[in-house]
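> One predicted model, sequence on top.
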Amino acid sequence: MARVVVEGTDIVVRLAWWEKLAARRRGLRVPVAALRGVYVEADWWRALRGVHGSGVWIPEKLYAGVRQLPHGKDFALVREGGAVLCVELSRSAPFRRLALSVPDPEGVLRALQPHVPRGHPG
């Protein structure tokens, strides 16, 4: 499962080897300054928005890759059967939202919340 940590001024998403293959990327790094909100979505499929872009889509089981939106794109690595960490990002970031199945979404939520600017949800 993906791991999310704050390293210096970046939010870093580390992927397992199979996630790297499925998502067609080695990992993600976005500036903490781009963080706009963070929450946990209880239903994994509700974390998906937009349409399939690149990556792997196994209906009702898994999505790993980029989802296209009218005004940007999301990165999603979600699996059935669990809550999903959703990280909302500014327009300047490479993605508008990260939707990630992580081992402890509530723990990562607590770690990221202090970095959410005042006046933004999260």
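Received, thanks. Note that the coordinates shown come from a computational prediction; the quantities given were computed from them, not determined experimentally.
> CA only for contacts and neighbour counts going forward, please
Noted.
> Tell me which residues touch the residue sitting nearest the centre point of the chain, please.
Centroid-nearest residue in the chain: residue 98, 2.2 Å away (criterion: C-alpha atoms, centre = their mean). Going by C-alpha atoms under 8 Å, 6 or more residues apart in numbering, residue 98 touches 74, 75, 76, 85, 86, 87, 88, 89.
> which of those residues lies closest to residue 67?
residue 74 (5.1 Å; C-alpha to C-alpha).
> Quickly list what the closest residue to residue 29 other than its chain neighbours is bridged to.
Among residues not flanking residue 29 along the chain, residue 12 sits closest, at 4.5 Å (C-alpha to C-alpha, 6 or more residues apart in numbering). Note on residue 12: beta-bridge partners residue 5, residue 29, judged by DSSP bridges.
> wait, residue 12 sits on residue 4?
Yes: with contacts counted by C-alpha atoms under 8 Å, residue 12 reaches residue 4, the gap being 5.7 Å.
> which of those two has more neighbours?
The neighbour count for residue 12 versus residue 4, taken as other C-alpha atoms under 10 Å, is higher for residue 4 (23 against 18).
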